[in-house]
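*Asks:* Just need the structure, nothing else, for what follows:
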Amino acid sequence: MKQILEKARAYCAYQERSQQEVRDKLYDWGLHRTEVEQCIAELVSENYLNEQRFAIAYAGGKFRIKEWGRIKIKLALKQKKVSEYCIKKALEEINARDYKRTLNKILESKSKEVKETNPLKKKYKVA
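*Replies:* Residues are numbered from 1 along each chain as shown. This is a model prediction of the structure:
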């Protein structure tokens, strides 16, 4: 159990992880339910595992690097079984001005791709 806990600490220290990711990894390593929950509790108490910190890092990274929108980020976090509270906090961390700037950039590039002469049809296709 001590070795598994050390391995889990290294796994969490490498990058931010959700509790569900760690839980799945512990099951993959052959631990049973009670051992997994003990391990998770230990990692949370030692601050190796923090759902809110994970959600903020995940949302920020997906927004900055992959230019995901709020809805896509929210769905991805729900898929990782992150709580609604943490999802809300993570989405609040995304700067509204940066979000708008990114959206405008995506709209401009999409507008250049769409080959339509009628302005109304072009606007509809871009949207």
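
*Asks:* pLDDT weak spots in this protein?
*Replies:* Counting by pLDDT under 70, the chain shows no low-confidence range.

*Asks:* give me that answer again for 90
*Replies:* Low-confidence segments of the chain, defined by pLDDT under 90: 1-2, 107-127.

*Asks:* where exactly do the strands run in it?
*Replies:* For the chain, no strands are identified by DSSP state E.

*Asks:* Go through it and flag its longest helix.
*Replies:* When the chain is scanned for its longest helix (criterion: DSSP state H), the result is helix 96-113.

*Asks:* Tell me which residue lies nearest the centroid of this structure.
*Replies:* By CA atoms, centre = their mean, the chain has its centre lying nearest to Tyr58, at 3.4 Å.

*Asks:* Now for that one: which residues touch it?
*Replies:* Shown in contact with Tyr58 (CB atoms under 8 Å, 6 or more residues apart in numbering): 16, 18, 73, 76-77, 80, 90. Every residue, glycine included, has its C-beta placed from N, CA and C.

*Asks:* which of these tops the neighbour count?
*Replies:* With neighbours taken as other CB atoms under 10 Å, the top of those is Ala90, carrying 26 neighbours.

*Asks:* My read is that that one contacts Ala76, right?
*Replies:* No. The criterion here is CB atoms under 8 Å, and Ala90 misses it with Ala76 at 10.6 Å.

*Asks:* about what we covered before: out of the contacts of Tyr58, the closest to Asp98 would be?
*Replies:* Using CB to CB, Ile73 comes nearest to Asp98 of the contacts of Tyr58, at 13.5 Å.

*Asks:* and the closest residue to the closest one other than its chain neighbours, how far is that from Ile94?
*Replies:* What sits nearest to Ile73 in space, not counting adjacent residues and going by CB to CB, 6 or more residues apart in numbering, is Ala59, at 4.9 Å. Distance from Ala59 to Ile94, counting by CB to CB, to the nearest Å: 6 Å.

*Asks:* Spit out the residues that contact the two alike.
*Replies:* Common neighbours of Ala59 and Ile94 (CB under 8 Å, 6+ apart) are Ile73.

*Asks:* Lovely, talk soon.
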